[in-house]
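J.: I'd like to go over a predicted model; first the sequence, then the structure.
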Amino acid sequence: MGVINVTPDSFYDGGRFLDPGRAVERGLELVEQGADILDVGGESSRPGSDPVAEEEEMRRVLPVLRGLRGRSKAFLSIDTTKRRVAEAALDAGADIINDISAFRFDPSLLDLAAARGAAVVLMHMLGRPKTMQHAPSYGDVVAEVRTFLEERAAAAREAGVARESVVLDPGIGFGKRLDDNLALINNLPALGESGYPLLVGPSRKSFLGALLDLPAEERLEGTLAAAVLSVVRGAHVLRVHDVRAVSRAVRTAEAVLAEGRETGSREPGAAEESEARHAG
Ligand code: HH2
């Protein structure tokens, strides 16, 4: 999943794709680089950010979605928590609603997704972007995020969203300390036990900055490591800015993981482990 932020203030690509033409070109470029899904957002959710008015959010994202729909067959995702924005985005050709509140801010969005046959991404966040990084704390972060996601998945199913249209996301950086983010990536198999596909969004986020003491512009290598490990631990979708680099890294990792399954030429222990990871 390639990220296109049509915002002036996103933490990494803010201001680069405010012009709809440039945003569409960027989307097409990301598809060329290997993206199957494009996630278009008109409101930054970086820690401390303020909400954007509905009208303004629509003004930003709709021309981009229409432009992409006319020129690409990639799945289009709208990154929003607002019903009017989501509805207009689906009219403009979006296939997926990516809601960082997991449809808590406006549960009626789930009815909309069900009625329109849209897929949904349910993401874990502690509170709201404005305050989520104010001393977040958990007893057992993996268990709490898992319970939350399973409850939201049940709500989506109850609203009529098809099982195969639900994707779960631990919400890297959304009300999480460094160790919480690391634990969630390392323990993705526990989140995967629900049977729903998992999306992980580590791209250039501040946990990498905290780990390596580097600004967002220099977090590509950290992103690659987090992306590869997420796949090894069972992620199905990676939400990233650097599609070409991540796609190359992940394809290499997947080839290594697939090796024993195809040739059967290695030690049985390693083969079984690789199989188990794939099954997970
Ligand atoms: N991360 C961001 C925004 N939306 N959606 C999902 N499902 N998962 C994520 O991890 C996720 C997300 C934040 O990253 P970005 O869009 O690059 O920044 P900003 O919120 O500043 O626009």
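T.: Yep, that arrived.

J.: name the residues of stretch 118-135 that are buried.
T.: Residues of stretch 118-135 classed as buried: 118-126, 128-129, 132-133 (neighbour count, 16 or more other Cβ atoms under 10 Å). (Each C-beta comes from the backbone N, C-alpha and C, glycine too.)

J.: residues in contact with stretch 94-108?
T.: 37, 39-41, 45, 65, 75-83, 86, 89-90, 109-110, 112-113, 118-125, 128-129, 148-149, 152, 155-156, 159, 171, 174 (Cβ atoms under 8 Å, 6 or more residues apart in numbering).

J.: next, the buried residues of stretch 251-258.
T.: So for stretch 251-258, counting by 16+ other Cβ under 10 Å, buried means 253, 257.

J.: quick one: distance of that stretch to the chain centre.
T.: 21 Å (Cα atoms, centre = their mean, to the nearest Å).

J.: got it, and stretch 126-141?
T.: Worked out by Cα atoms, centre = their mean, stretch 126-141 lies 18 Å from the chain centre.

J.: what's the first-to-last distance across that stretch?
T.: Stretch 126-141 stretches 11 Å from its first residue to its last (Cα to Cα, to the nearest Å).

J.: again, but for stretch 235-242
T.: Across stretch 235-242, first to last residue, Cα to Cα, it's 17 Å.

J.: that one and the ligand in contact?
T.: Yes - using Cβ under 6 Å from any ligand atom, stretch 235-242 reaches the ligand at R239.

J.: please apply the same query to stretch 218-225.
T.: No - Stretch 218-225 stays clear of the ligand (Cβ under 6 Å from any ligand atom), getting no nearer than 11.0 Å.

J.: so who does the closest residue to the ligand within the stretch 1-150 of the chain touch?
T.: The nearest approach of the stretch 1-150 of the chain to the ligand comes at S10, 3.1 Å away (Cβ to the nearest ligand atom). With contacts defined as Cβ under 8 Å, 6+ apart, the neighbours of S10 are 41, 44, 46.

J.: tell me how many other residues surround D180.
T.: Burial of D180 is recorded as 24 neighbouring residues (other Cβ atoms under 10 Å).

J.: which of the contacts of S10 has the most neighbours?
T.: That'd be G41 among those, by other Cβ under 10 Å, with 25 neighbours.

J.: the strand or helix carrying V256: how far from the chain's middle?
T.: Applying DSSP states H and E as the criterion places V256 in helix 243-263. In terms of Cα atoms, centre = their mean, the centre of helix 243-263 is set 20 Å apart from its chain centre.

J.: same check, this time on stretch 75-95
T.: That offset, for stretch 75-95, works out to 15 Å (Cα atoms, centre = their mean).

J.: report the buried residues of that stretch.
T.: 76-83, 85-90, 92-95.

J.: just to check, A216 is in contact with D13?
T.: No - the pair A216 / D13 is not scored as a contact, 9.3 Å apart, by Cβ atoms under 8 Å.

J.: give me the spatial nearest neighbour of V64, chain neighbours excluded.
T.: A23 (4.4 Å; Cβ to Cβ, 6 or more residues apart in numbering).

J.: and the helix or strand the one you found falls within, average pLDDT?
T.: For A23, the host element (DSSP H and E) is helix 20-32. The average pLDDT for helix 20-32 rounds to 98.

J.: change the start of the numbering to 36 and stick with it
T.: New numbering, starting at 36: the last item is helix 55-67.

J.: parallel or antiparallel, which strands does the helix or strand just after that helix pair with?
T.: With elements assigned by DSSP H and E, the helix or strand that comes after helix 55-67 is strand 72-76. Paired neighbours of strand 72-76 in the sheet (DSSP bridges): strand 37-40 (parallel), strand 110-114 (parallel).
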